[in-house]
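Visitor: Here's a sequence, model it:
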Amino acid sequence: MVLVLGENNNDKGRQLELLTKRILQHLNLTDIYTNEIGSGGQEIDLTAKNSIEHMGSPIEYKVICECKAYKKPVNIDAWLKFLGKVFVEQAKSREKIIGYFIALSDVNGPVKGNYEDFKKHNQDVQIIRGEDLNKQIKGIYNTPTTEEVQQFIEIRTDRRLISIENAYYDNEIYWIVSFDRNHFTILGKEIRKLDDALKDTLSKMVKRELPVHTYINLEDERDLRLRIAQLSLNLLGCILVNEGKVDTTHIKQEYAGFHDDEIKEALSALQESEEVFINGEEITFPDASDPYYYKMMGNIIVQLSMYPPIPSLSKPNITEIISTKYYKNLIDDKMIEEIISTQYYIPLSEQEKEELKSILRISPTALSEALTIQKAIENHRLLFMQKLDQIPDHINKSDVKYFFNLIYRSLVNDFTSQHLFRYFYETCKINRIKLSQHLELGFEQESSIIDKEISEEYVIQLVEGKYALIRPMKKEVEE
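Guide: Coordinates of the predicted model:
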């Protein structure tokens, strides 16, 4: 559907004339002439010429066109009346007449059925509607697809979408997006935000054509959505640094820069996702006996480490969170069981389990990797899921080695992250890390071509009051 906008009926008629002529020009018609614009600016009659090559010479045919811009799909009476006009003109001129019936609001079922039967016998009269109309509009104005517009909307608002429609005004195509509760927005051709003057002008016209009344700014909606999402994440961090339990009074004091409605919405979202329980004024995490507790808590830590707080929400940060007793206690035997299950039951010895705990307690990135299904391990083990005891020993050893290499590399990544320099130096009392590998190249029984140890070593030092990471041939200082 294409909605024709106008400041009044005369302007709508003018806009309809301009749009129809653009469509006919795109169909390569010439000598386009307006016969009549209907009352209310809802329909227009035009004639034109269509030049067709025949045996090397052009032959011109007369074209009769009607364009309907009704608020409802065009009915059978209007269609049959148009056919009658074409046939009368053809009988009078005794020449071939081409007809274009453009239905901006689409056609109803009886018209569709009649047209499908009609075009089996006559190809000279066409209805331009639906997808054919969209192709014409896209060809003229290079508009985005409805799917692209919908994707743009979905990342900016949670509102329930009712409809997405094209609208035409002053040789531009706009998108009118209707939401529930009669809210709406208008987007430009490139899915861009409109300037205030144009937005006000178009909004008045749209309200006359559609049952909408409240305009919403999608960029403001997106900013609010991001703000609530960031607040929700920070609330989880706040609960973590307070050992898994806070009250609403503390939350309101900690986040005084937010409206009560924003805090309420963030907490409601967390409660709906079952990441927190709210009992009166008390806010807690689910009990550790919950079967999803360890997976959920691990995911929370991962999110907090991946998405640093924005300046207005500088507390708590990931350093504070992983320094807490609550976080250290979270990395227990049950968390290790969750990780083993995630990695398709790789067999870890008791010593390896303890080693894994010690690393996870200081490295949030390692925890993220441990709780992420590793495709290489998955591909090895899927064939044996019904008979784990039959997995060959060399596959078990290979998967465990691969897993720990990821964990070691994750620890190095955290150690070399500027925002964690102080954490490792002051909290963990670790200022040096070294990762060694052995590289050997050879052929059959001959001596090795290359046989050497390769290592990476990093040291955190306090330089002129700032923490710096020293590495071979390179020095990186925190900002």
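Visitor: any idea how far the residue lying closest to Thr372 once chain neighbours are set aside lies from Leu383?
Guide: Leaving aside its sequence neighbours, Thr372 sits nearest to Thr342 (CB to CB, 6 or more residues apart in numbering; 7.5 Å). Every C-beta, even on glycine, is put in place using the N, C-alpha and C of the backbone. Distance, Thr342 to Leu383, using CB to CB, to the nearest Å: 18 Å.
Visitor: where does the stretch 51-200 of the chain dip in pLDDT?
Guide: For the stretch 51-200 of the chain, applying pLDDT under 70 flags the ranges 54, 56.
Visitor: Show me the strands in the stretch 51-200 of the chain, by range?
Guide: 57-68, 97-103, 125-128, 161-169, 172-179, 183-187 (DSSP state E, counting those that start in this stretch).
Visitor: buried sites along the helix or strand in which Leu356 is found?
Guide: Using DSSP states H and E, Leu356 sits within helix 350-360. Neighbour-count burial for helix 350-360, counted by 16 or more other CB atoms under 10 Å, picks out Leu356, Lys357, Ile359, Leu360.
Visitor: what two of these are the furthest from one another?
Guide: Lys357 and Ile359 (7.5 Å; CB to CB).
Visitor: pLDDT (mean, whole number) over stretch 430-444?
Guide: For stretch 430-444, mean pLDDT is 82.
Visitor: ugh, wrong one, I meant stretch 366-379
Guide: pLDDT averaged over stretch 366-379 gives 91.
Visitor: Just name whatever secondary elements the helix or strand just after the helix holding Leu356 is in contact with.
Guide: Next in sequence after helix 350-360, counting helices and strands by DSSP H and E, comes helix 364-370. Packing contacts for helix 364-370, counted by 3 or more CB pairs under 8 Å, 6 or more residues apart in numbering; DSSP states H and E, involve helix 293-306, helix 350-360, helix 393-415.
Visitor: then helix 364-370 to CSV, C-alphas only?
Guide: Taking Å, rounded to 0.1, in the frame of the first residue of the first chain, the C-alpha atoms of helix 364-370 are listed here in CSV:
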residue,chain,number,x,y,z
PRO,A,364,36.1,-13.7,33.9
THR,A,365,37.1,-14.3,30.3
ALA,A,366,38.1,-17.8,31.2
LEU,A,367,34.7,-18.4,32.8
SER,A,368,33.1,-17.1,29.6
GLU,A,369,35.1,-19.6,27.5
ALA,A,370,34.4,-22.4,29.9
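Visitor: tell me what the helix or strand just after it is packed against?
Guide: Following helix 364-370 in sequence order, the next helix or strand is helix 375-381 (DSSP H and E). On a contact count with 3+ CB pairs under 8 Å, 6+ apart, helix 375-381 meets helix 393-415.
Visitor: any idea of the angle the helix it packs on forms with helix 293-306?
Guide: If you take axes from the mean of the first three to the mean of the last three CA atoms, to 10 degrees, helix 393-415 sits at 40 degrees to helix 293-306.
Visitor: what's the spacing between helix 393-415 and its chain's center?
Guide: 33 Å (CA atoms, centre = their mean, to the nearest Å).
Visitor: Enumerate every residue touching Gln303.
Guide: Gln303 is in contact with Leu233, Leu236, counting by CB atoms under 8 Å, 6 or more residues apart in numbering.
Visitor: quick one: it from Leu371, how far?
Guide: 11 Å.
Visitor: Report how many residues lie close to the residue nearest to Thr372.
Guide: Neighbours of Thr342 under the rule other CB atoms under 10 Å: 19.
Visitor: Would you enumerate the residues in contact with it?
Guide: Contacts of Thr342 by CB under 8 Å, 6+ apart are Lys295, Ala370, Leu371, Thr372, Ile373.
Visitor: mind showing which ranges of the stretch 251-400 of the chain have poor pLDDT?
Guide: Those would be 307-315, 385-386, if you go by pLDDT under 70 across the stretch 251-400 of the chain.
Visitor: what residues go with each domain of this structure?
Guide: Listed by automatic domain parsing, the domain ranges of the chain are 2-138, 143-216, 230-423, 424-479.
Visitor: In a markdown table, list those along with distance to Arg222.
Guide: Shown next, in a markdown table, are the domains of the chain (distance: least, CB to CB, whole Å):
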| stretch | distance to Arg222 |
| --- | --- |
| domain 2-138 | 25 |
| domain 143-216 | 4 |
| domain 230-423 | 12 |
| domain 424-479 | 28 |
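Visitor: Pull up the per-residue confidence for Asn242.
Guide: 90.
Visitor: Was I right to think it contacts Glu254?
Guide: No - counting by CB atoms under 8 Å, Asn242 does not reach Glu254; the two are 9.4 Å apart.
Visitor: quick one: buried residues of stretch 223-238?
Guide: Quick answer for stretch 223-238 (16+ other CB under 10 Å): Leu224, Arg227, Ile228, Gln230, Leu231, Ser232, Leu233, Asn234, Leu235, Leu236, Gly237, Cys238.
Visitor: What's the local residue count around Thr208?
Guide: That one is not Thr; residue 208 is Arg. Neighbours of Arg208 (other CB under 10 Å): 12.
Visitor: again but with Ile216, I slipped
Guide: Counted with other CB under 10 Å, Ile216 comes out at 15.
Visitor: Now do it against Ser203, distance only.
Guide: Where Ser203 is concerned, Ile216 sits at a distance of 11 Å (CB to CB).
Visitor: picking that back up, so what secondary structure elements neighbour the helix holding Leu356?
Guide: Here helix 350-360 touches helix 333-342, helix 364-370, helix 393-415, going by 3+ CB pairs under 8 Å, 6+ apart.
Visitor: Among those helices, which comes closest to Thr143?
Guide: Comparing the helices and strands packed on helix 350-360 by CB to CB, helix 364-370 comes nearest, at 40.9 Å.
Visitor: What ranges does the stretch 201-350 of the chain have for its helices?
Guide: 218-241, 248-254, 260-272, 293-306, 318-322, 325-330, 333-342, 350-360 (DSSP state H, counting those that start in this stretch).
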